[in-house]
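J.: okay, here's the prediction I keep looking at, along with the sequence it came from:
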Amino acid sequence: MKNIILIFAALLTISSAIFIGKIAAEREAAPTPVFVNSTPENISTSVHQHVSTPTRQNITFIMGEDKDPDNPYYTQAENYYRTNPEARTEWLVTHLRSLKEVRDYLTEHAQGKWGIINLVVHSNEWTGMGVNVLPEGARATSESIYAAIDEGHFPPLPSDIADERTELQLHACALGKNEDLLDAISTAFGGEAKGSPTVRSTKKFIQYITTANNTERHLSEYWYTTFKTGYRPHNIRLTKELEGKYPYAPVYFYEALKRTQPRFAGDSYHYFFNVPVNWVVTFPTKADRPKLDTDEAKEAFLQNQVELLEQVAELGIAPEKFRWQYKYIDHTFEDGTTEPAILIKGKTSVLCILKSITAPQPESTMPQEAI
């Protein structure tokens, strides 16, 4: 019996929202790359302060397209970096979909050393970034990034186009909560050498609001709970769960559960998305494959998948919050051979309550603290 693959494949697509903030992490092998400690949560992030000089140009990569007309995530972000007088950059690139393509573009189009490098991409704290490491390659995780580095696909940016005054700002939902992934990205773009670019990300949301005159952003806090996909509890029960988990949250959860969009800046509302998990277990013959014809047999088989449950536990979501389904399949390996298998499909829904905690701030007002 062999465990073949675990796939987490979901995107957090908060309406008109990305995350921008600060998180700190360090690799033990070197004092750089540098991450940045959390800034005060009532101010917004600078995209021009500290690194822009007359000889440096800033660039923004919009790394996806909107699939839901009610969620113009990338459209609003593009408007922000194209038109906002404080945030707009000299370069804006919208057609790249992998970290390797971004790295190569920065190398091929450099006109001196870069100032700020913005990457706008979907993300969440449970499944990482919604972008591949290599074109047609694996989704960006710390493991897949280090694998690309080890295989020679991702040399760090040359020192003549990026240095310690270059900032790689990852505008991705809650990416700041995944220090391992930030560390891997920092190594991919900067290596371990002294003088590598600073890498910044966030633990918060930023809601984008387009007004008659501009596109603004508002830093937002969020709170969440989970449930089996397809079995959403009543709002009263969800409210009790949220209040028990966050007794001092400055938000009326029950009222926020009535809204899927904010009515005004600072309003609370909710959004939910699914986190799917696929797990394949292969067997030498069909006779070795157990029969899962009762709920008890299915539960026992699931509990025997120790590695699967360990990886689910790393998400911070209890296994009973997933809806589990089982299917008999023939699994095909990379060499073309096949074996009988059981596919375990799990899916949980994450419900987030969002509330803006700041008004728009000028880009130049953000103090920064580096380690």
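T.: Thanks, I have it. Numbers count the residues shown, from 1 in each chain.

J.: beta-bridge partners for Gln169, please?
T.: Per DSSP bridges, the residues bridged to Gln169 are Asn118, Arg200.

J.: would you check that it makes contact with Val120?
T.: No: at 9.3 Å, Gln169 does not count as touching Val120 under the criterion of Cβ atoms under 8 Å. Where C-beta positions appear, they are placed from N, C-alpha and C, glycine not excepted.

J.: element containing the closest residue to Ile145 other than its chain neighbours?
T.: Leaving aside its chain neighbours, Ile145 sits nearest to Ala184 (4.0 Å; criterion: Cβ to Cβ, 6 or more residues apart in numbering). Element membership for Ala184 (DSSP states H and E) is helix 179-190.

J.: number of nearby residues for the nearest residue to Pro233 once chain neighbours are set aside?
T.: Of all residues not flanking Pro233 in the chain, Phe227 sits nearest, at 5.8 Å (Cβ to Cβ, 6+ apart). A count of nearby residues for Phe227, using other Cβ atoms under 10 Å, gives 19.

J.: direction included, what does the strand or helix carrying Phe227 pair up with?
T.: Using DSSP H and E, Phe227 sits in strand 215-228. Strand 215-228 has its sheet partners listed here by DSSP bridges as strand 205-210 (antiparallel), strand 338-356 (antiparallel).

J.: highest mean neighbour count out of those strands?
T.: Among the strands paired with strand 215-228, judged by mean count of other Cβ atoms under 10 Å, the one packed with the most neighbours on average is strand 205-210 (a mean of 22).

J.: name the SS class of the residue lying farthest from the centre of the chain, please.
T.: The centre of the chain is farthest from one residue, Ala287, which by Cα atoms, centre = their mean lies 41.6 Å away. Three-state call for Ala287 (DSSP: H, G, I helix; E, B strand; the rest coil): helix.

J.: do you know how far it is from Pro340?
T.: 9 Å (Cβ to Cβ, to the nearest Å).

J.: need the contact list for Ile62.
T.: 74, 77-78, 81, 92-94, 120 (Cβ atoms under 8 Å, 6 or more residues apart in numbering).

J.: for it, give its distance to Val102.
T.: As judged by Cβ to Cβ, Ile62 and Val102 stand 11 Å apart.

J.: equivalent analysis for Leu157, please.
T.: Leu157 is 10 Å from Val102, where distance means Cβ to Cβ.

J.: can you check the pLDDT for Leu6?
T.: Leu6 carries a pLDDT value of 47.

J.: nearest to Lys291, out of the strands paired with strand 215-228?
T.: Closest approach to Lys291 among these is made by strand 338-356 (10.3 Å; Cβ to Cβ).

J.: could you export that closest one as CSV, CA atoms only?
T.: Output in CSV follows, covering the C-alpha atoms of strand 338-356 (Å, rounded to 0.1, in the frame of the first residue of the first chain):
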residue,chain,number,x,y,z
THR,A,338,-1.1,1.4,-13.0
GLU,A,339,-2.3,0.0,-9.7
PRO,A,340,-5.7,-0.3,-8.0
ALA,A,341,-6.2,2.6,-5.7
ILE,A,342,-8.7,4.4,-3.4
LEU,A,343,-9.1,8.1,-3.9
ILE,A,344,-10.1,10.0,-0.7
LYS,A,345,-11.6,13.4,-1.4
GLY,A,346,-12.1,15.8,1.4
LYS,A,347,-13.6,19.2,1.4
THR,A,348,-14.2,21.8,4.1
SER,A,349,-15.7,25.3,3.9
VAL,A,350,-13.9,28.2,5.5
LEU,A,351,-16.3,31.1,6.5
CYS,A,352,-14.6,34.4,7.1
ILE,A,353,-16.0,37.5,8.7
LEU,A,354,-14.3,40.7,7.5
LYS,A,355,-14.3,44.2,8.9
SER,A,356,-12.3,47.2,7.8
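
J.: what about it, distance to the chain center?
T.: 16 Å (Cα atoms, centre = their mean, to the nearest Å).

J.: ditto for stretch 277-288
T.: 31 Å.

J.: what are the buried residues along that stretch?
T.: 277-283 (16 or more other Cβ atoms under 10 Å).
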